[in-house]
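**Q** sequence plus the predicted model coming up.
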Amino acid sequence: MNKKTLITLIMILLIAFAAGGVYYFILAPKEPIEETDGKKEISNDQFSVKLPEGWQEGTPPAGSLAIAINSSEEITDPKAQEINFRSYYSIIQDVLGDMTKEEYIEKVKESLMQSSGDLKIIKEETTTINNRPVYYLHLRLIQQEINFRVLLSLIIDQSNVWIISSNTLEENWEQYRDLFYNISESFQIKVDN
């Protein structure tokens, strides 16, 4: 996937889900959720990631590898209710190609800032999870007069970038912040490329 396609996909996921498509992805039938040591997770031959209690795996849109939605969430924001928004996370994969991780991260930030005047990067941080560098971007997004908060987690291995986009309403950020970090921390790559 080329970089322009990836950034476009990230923005489509951010905006499309913010605009109301999230809730409908849970209606499609899915494979049974794997349970490891009593913990639910989304798992395939490439990765596994935590599926929080009460959340459901949905059918991911084209270009995305997985999506999970808090289908039982009670939304009080009237505008978010109109579009059936629920907090969710999605996962996509890309390759570094000939870019360094620093160049890749800068390209993502530049593309995000050019794509929408209603999107702001409010915080950046780095850490290591499972011996892999992880770069967090905290975003604020206003779409259809609704304030959203997004945590983008860029998990970088030898040649791949795994991006977890965790999304909620701005008013619910404190409630979901730790959970979104825990989801990123639970992400396990099964094969190195």
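**A** Great, that's in hand.
**Q** and K120, how far from R149?
**A** Distance, K120 to R149, by C-beta to C-beta, to the nearest Å: 11 Å. For glycine as for every other residue, the C-beta is placed from the backbone atoms N, C-alpha and C.
**Q** who has more neighbours out of the two?
**A** R149 (22 against 13; other C-beta atoms under 10 Å).
**Q** now the more buried one, nearest residue through space, not along the chain?
**A** Counting by C-beta to C-beta, 6 or more residues apart in numbering, R149 lies nearest to W173, which is 4.3 Å off, once chain neighbours are set aside.
**Q** export the helix or strand that contains V108 to PDB, keeping only CA atoms.
**A** V108 is part of helix 101-115, with elements assigned from DSSP states H and E. Extracted as PDB, the C-alpha positions of helix 101-115 are listed here (Å, rounded to 0.1, in the frame of the first residue of the first chain):
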ATOM      1  CA  LYS A 101      10.200   5.100  11.200                       C
ATOM      2  CA  GLU A 102      10.800   8.800  11.900                       C
ATOM      3  CA  GLU A 103      10.100   9.700   8.300                       C
ATOM      4  CA  TYR A 104       7.000   7.600   8.300                       C
ATOM      5  CA  ILE A 105       5.600   9.200  11.400                       C
ATOM      6  CA  GLU A 106       6.300  12.700  10.000                       C
ATOM      7  CA  LYS A 107       4.500  11.700   6.800                       C
ATOM      8  CA  VAL A 108       1.500  10.500   8.700                       C
ATOM      9  CA  LYS A 109       1.400  13.800  10.800                       C
ATOM     10  CA  GLU A 110       1.700  16.000   7.700                       C
ATOM     11  CA  SER A 111      -1.000  14.100   5.800                       C
ATOM     12  CA  LEU A 112      -3.400  14.200   8.800                       C
ATOM     13  CA  MET A 113      -2.900  18.000   9.200                       C
ATOM     14  CA  GLN A 114      -3.400  18.600   5.400                       C
ATOM     15  CA  SER A 115      -6.500  16.500   5.200                       C
END
